[in-house]
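In: Sequence and predicted structure are below.
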Amino acid sequence: MKIKRVLTSTPLARLHERTILQRGPRKGIAVPWQSFRREKWPEPALALAYDAQRMLALGEYSAVSLFARFVDGLARAGAPFDLVSAATRVPQDEIRHADLAFRFASMCAAREVTVDVSQADEQSSKRWRERLGIEDLDSFAIEIVAIGETLACGMLAACRDGATDPVAHAVYSNIVADEVHHARLGWYYLLWRAPQWTQADRQRVANNAGEMVVQIETRFGRGRDAPKGAQKAARALGVLDTQRQRRIVSDLMENEIVPGLDALGLGASHAWAKRRRLKS
Amino acid sequence: MGKAASPQELADVVTLGHSLGGGERRALEKALRDLLAWHVDLRSFPRLAKLPRASPYVSLYARGKLRACYGSGEGLARAFLRAISDTRYGGIAPEERAEVAADVAYVVAARPVRADEAANVLEAGVHGAATVNDDVATVLLPSVARERGYDASGFLDLLAKKTSRPRADEGLVWILDMDEVSSRGVSEDDPMRGARRFLESLVMKDGRVAFEMTPGGGELVHTGAMLHGRIAVAVEALDALDSKKTRLARAWLARQIERRAEGWPDRQDMILGTLALAARAGLDVPFTEEASRIDVASASPWHLAQAASVLGSRTPDAMWSVIVRSLDARPFSPYALMAAHARRDAAIVERCTRAIIEGIPRETALASVAIEALLPLRTSEAKRAVREARTFVLARQVLDVPAALHPRTLGAFRASPIAPILRCDVTAHAALACG
């Protein structure tokens, strides 16, 4: 299924533009769309920024249904209201992020952009059941929410910090502001669940976390490297190169994720020590 | 070794970041030859010199045909070992081992372009291309387009096929600048010396000139369309290059034309074109009589223009009118420009010049004839066009014989970036344009 940025022609569209894109459920940052000057940037940098935004749009759009399943699972599991409530905000954040990314991708490409969600949908269908049980929720919280969103938050923050283009900076700032809450949701869920785990549950979750941790360096080890002459511009548009991405992933793993998982008694430092490493 | 630079990474592919230096090229050439020698009997694996820290792609050829190809992020030896066990292109038969030649290609730099723009940016036969899926780069080498005649669009279709995904308008394609080194070690520094050497290799002891050479086998072919006309261009180029074989070849061609020997065209306008080219090559041929007899209404304006380029002010009015009228439909006409120049027809010179400058084709012979036509002009625009066209033409010359080509092809000019055709007139036109 191919997705492009489409709004209805009803008053809801105006509401979406005003409420969701400008203010949102949390206080957002207005994106100065009009200030984008495409001609200012070299084509290779624009191509990389377009690709980064297109993939971001794909990820964020796919996350809408994925998090909806998480919300559904939490409600069915009788999770605390504050967790359910925080989780219900995530799909709305994700569609908002997808909208921002679609818009910026289209500006970088100077045309309408589409993404094909079929493959991502197929992969998530293989990995996650339609109705998530409590064990699935644990795995989901580890993989997608705690580890995934913490990494996303750190990497997107690095994109924002490098972005000097006002549109790129505002887009990333908006997204990062929400991702922080998403990452926290994952850790809060795990804090709630950890005391309930039996020894077997803990081992199952630890295995799950370990499997993910050993793959992080190779899975997230490559950024988007611009050719000579376009590196500064790519960075200014919020593109993360391999060198910076590796440094950020390593920092996040060693200072936040692995200690966090260890504190939950999941022994992630053992897995991190045995991680698959990138050749270089 | 070449200048150190921080390599760019394209998923699992490490780029060179700089063009290969002379020392690096020699080290790679030797390493390829040593690895090929080891492959024959598997005795004593060679000690390889320090080689570039980038991902090499090794292609193996036997009898001019690709038999295996593999890349590796772990250096040349690993890529070679993978290639010798690759059977996707037929593999290497035991009896072929001794005659296998190898090329190694490195990505110098990778430039991202949007997939919907890629066909406009990619120059088939010159650039490689890659896409990245799940952090793995799928790379297609420029040699694939050269050897199989793919244009940019066909090349990108093939790249998509290699990834087992349909070619999409969304996403990125990486355009790759590549450096290639061959195990053959057959090279030439001087383009015109190379062109003369190739053209002379087409001339037999009795003066017979071959029409073309097969790229992989180096065999001479003696038949083809406009045989005598194209050979006349080769004779003209041999003369321009001060070849000792010129007189022999010219005498043979004169005999063939007099006898209207095998391969002589059956169309009147092609006969006229052949005689015009022979006259340009300094042969005494019954050209004026043929021009006066031609039915201009049914003749190809291209051949009429060839005739007019020799006749100049003596071009019959009816013939000139047909040539001028034809410019509406086919404005690119270098021979018409030559003729207009000879006739001092300023309006047509201006018109033809503009059309040529705006539309020099990416085809070696036509680009070369365009250069020949523009050379007498003194405008800065014409000079710039000549410079750019010469750069294109010279890039088509085989100055470092790759594994896919026979060593005898050294010095030849390819018909285009993607056409492995080594016809006598292509090299001849290129030599006349760039000499």
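Out: Arrived safely, thanks for sending.
In: B:Phe198 contacts B:Thr409, correct?
Out: Yes - using C-beta atoms under 8 Å, B:Phe198 makes contact with B:Thr409 at a distance of 7.1 Å. Heads up, the C-betas are built off the backbone N, CA and C, glycines and all.
In: Surely B:Ser153 is in contact with B:Asn120?
Out: No - assessed by C-beta under 8 Å, B:Ser153 is found out of contact with B:Asn120, at 9.9 Å.
In: So for the two, which sits in the more crowded spot?
Out: It is B:Ser153, of B:Ser153 and B:Asn120, that has more neighbours when counted by other C-beta atoms under 10 Å in any protein chain shown, with 14 against 9.
In: related to what we said a few turns ago, which neighbours do B:Phe198 and B:Thr409 have in common?
Out: Shared contacts of B:Phe198 and B:Thr409 (C-beta atoms under 8 Å, 6 or more residues apart in numbering or on different chains): B:213, B:398, B:422.
In: What's the local residue count around the closest residue in space to B:Leu202 that isn't next to it in sequence?
Out: Nearest residue to B:Leu202, sequence neighbours excluded (C-beta to C-beta, 6 or more residues apart in numbering or on different chains): B:Ala210, at 4.2 Å. Residues near B:Ala210, counting by other C-beta under 10 Å, number 21.
In: what does B:Arg230 give?
Out: Around B:Arg230 there are 22 residues (other C-beta under 10 Å).
In: check which helix or strand covers it.
Out: Counting by DSSP states H and E, the element that carries B:Arg230 is helix B:227-240.
In: Summarise which helices and strands that helix is packed against.
Out: Secondary-structure packing of helix B:227-240 (3 or more C-beta pairs under 8 Å, 6 or more residues apart in numbering or on different chains; DSSP states H and E): helix B:191-201, helix B:246-259, helix B:268-280, helix B:424-434.
In: Okay, buried residues for the third one please.
Out: Going back to what we said before, that points to helix B:268-280. B:268-280 (16 or more other C-beta atoms under 10 Å in any protein chain shown).
In: Using PDB, write out every CA atom in it.
Out: Only the C-alpha atoms of helix B:268-280 are listed here, as PDB (Å, rounded to 0.1, in the frame of the first residue of the first chain):
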ATOM      1  CA  GLN B 268      23.200   5.400 -55.700                       C
ATOM      2  CA  ASP B 269      23.400   7.800 -52.800                       C
ATOM      3  CA  MET B 270      25.500   5.300 -50.800                       C
ATOM      4  CA  ILE B 271      27.800   5.000 -53.800                       C
ATOM      5  CA  LEU B 272      28.000   8.800 -53.900                       C
ATOM      6  CA  GLY B 273      28.800   8.900 -50.100                       C
ATOM      7  CA  THR B 274      31.400   6.200 -50.500                       C
ATOM      8  CA  LEU B 275      33.100   8.100 -53.400                       C
ATOM      9  CA  ALA B 276      32.900  11.300 -51.400                       C
ATOM     10  CA  LEU B 277      34.700   9.700 -48.500                       C
ATOM     11  CA  ALA B 278      37.300   8.200 -50.800                       C
ATOM     12  CA  ALA B 279      37.900  11.600 -52.400                       C
ATOM     13  CA  ARG B 280      38.300  13.100 -48.900                       C
END
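In: what about that helix, distance to the chain center?
Out: Centre-to-centre, helix B:268-280 and its host chain are 25 Å apart (C-alpha atoms, centre = their mean, to the nearest Å).
In: What are the contacting residues of it?
Out: Contacts for helix B:268-280 (C-beta under 8 Å, 6+ apart): B:226, B:228-230, B:232-233, B:236, B:253, B:257, B:264-265, B:285-287, B:290-291, B:293-295, B:298-300, B:302-304, B:306-307, B:309-310.
In: State the next helix or strand along the chain beyond that helix.
Out: With DSSP H and E, the next secondary element past helix B:268-280 is helix B:287-293.
In: Check which helices and strands whichever helix or strand comes after that following helix sits against.
Out: Using DSSP H and E, the helix or strand that follows helix B:287-293 in sequence is helix B:301-311. Here helix B:301-311 touches helix B:268-280, helix B:287-293, helix B:317-326, helix B:334-343, going by 3+ C-beta pairs under 8 Å, 6+ apart.
In: what's the least confident stretch among those?
Out: If the helices and strands packed on helix B:301-311 are sorted by mean pLDDT, helix B:287-293 sits at the bottom with a mean of 85.
In: just checking, what packs against that helix?
Out: Packed next to helix B:287-293, using 3+ C-beta pairs under 8 Å, 6+ apart, are helix B:268-280, helix B:301-311.
In: repeat that with 6 Å
Out: helix B:268-280 (3 or more C-beta pairs under 6 Å, 6 or more residues apart in numbering or on different chains; DSSP states H and E).
In: beta partners for the residue of the stretch 1-150 of chain B found nearest chain A?
Out: Nearest residue of the stretch 1-150 of chain B to chain A (C-beta to the nearest C-beta) works out as B:Pro112 at 4.2 Å. Beta bridges link B:Pro112 to B:Trp174 when assigned by DSSP bridges.
In: Can you tell me which residues in the stretch 151-280 of chain A are near chain B?
Out: A:222, A:225, A:227, A:242 (C-beta under 6 Å from any C-beta of the partner chain).
In: Contact partners for the first one?
Out: When you say that, I think you mean A:Arg222. Counting by C-beta atoms under 6 Å, 6 or more residues apart in numbering or on different chains, A:Arg222 touches A:242, B:11, B:135.
In: Does it belong to a helix, a strand or coil?
Out: coil (DSSP: H, G, I helix; E, B strand; the rest coil).
In: The helix or strand containing A:Gly186 - contacts with which helices or strands?
Out: Assigned by DSSP H and E, A:Gly186 belongs to helix A:166-193. Using 3+ C-beta pairs under 6 Å, 6+ apart as the contact test, the elements touching helix A:166-193 are helix A:81-109, helix A:149-162.
In: what is the orientation angle of that helix with helix A:149-162?
Out: 160 degrees (axes from the mean of the first three to the mean of the last three C-alpha atoms, to 10 degrees).
In: Show me how far helix A:166-193 is from its chain's centre.
Out: With C-alpha atoms, centre = their mean, you get 8 Å for helix A:166-193.
In: Could you do stretch B:290-309 as well?
Out: 29 Å.
In: Pull out the buried residues from it.
Out: B:290-291, B:294, B:296, B:299-309.
In: and the angle for the helix or strand following the helix holding A:Gly186 with helix A:149-162?
Out: Using DSSP H and E, the helix or strand that follows helix A:166-193 towards the C-terminus is helix A:199-219. Per the same axes, to 10 degrees, the angle that helix A:199-219 makes with helix A:149-162 is 30 degrees.
In: which strands and helices sit next to helix A:199-219?
Out: helix A:268-273.
In: Need the CA coordinates for the helix it packs on. CSV is fine.
Out: The C-alpha coordinates for helix A:268-273 follow below in CSV (Å, rounded to 0.1, in the frame of the first residue of the first chain):
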residue,chain,number,x,y,z
ALA,A,268,22.2,-6.3,29.2
SER,A,269,25.9,-5.5,29.8
HIS,A,270,26.8,-9.1,29.2
ALA,A,271,25.0,-9.0,25.9
TRP,A,272,26.6,-5.7,25.0
ALA,A,273,30.0,-7.1,25.7
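In: Could you give me the buried positions within it?
Out: A:268, A:271-272.
In: what comes into contact with it?
Out: A:209-210, A:213-214, A:258, A:261-262.
In: Which SSE is immediately downstream of the helix ranked longest in chain B?
Out: Scanning chain B for the helix with the most residues, using DSSP state H, yields helix B:22-41. Toward the C-terminus, helix B:22-41 is succeeded by strand B:56-62 as the next helix or strand (DSSP H and E).
In: ok, that following strand: who's next to it in the sheet?
Out: Partners of strand B:56-62, by DSSP bridges, with direction: strand B:65-71 (antiparallel), strand B:101-114 (antiparallel).
In: quick revisit: just checking, which of the residues of the stretch 151-280 of chain A next to chain B belong to helices?
Out: A:Thr242.
In: Most neighbours among the residues of the stretch 151-280 of chain A next to chain B, which one is it?
Out: Going by other C-beta under 10 Å, A:Asp225 tops these with 24 neighbours.
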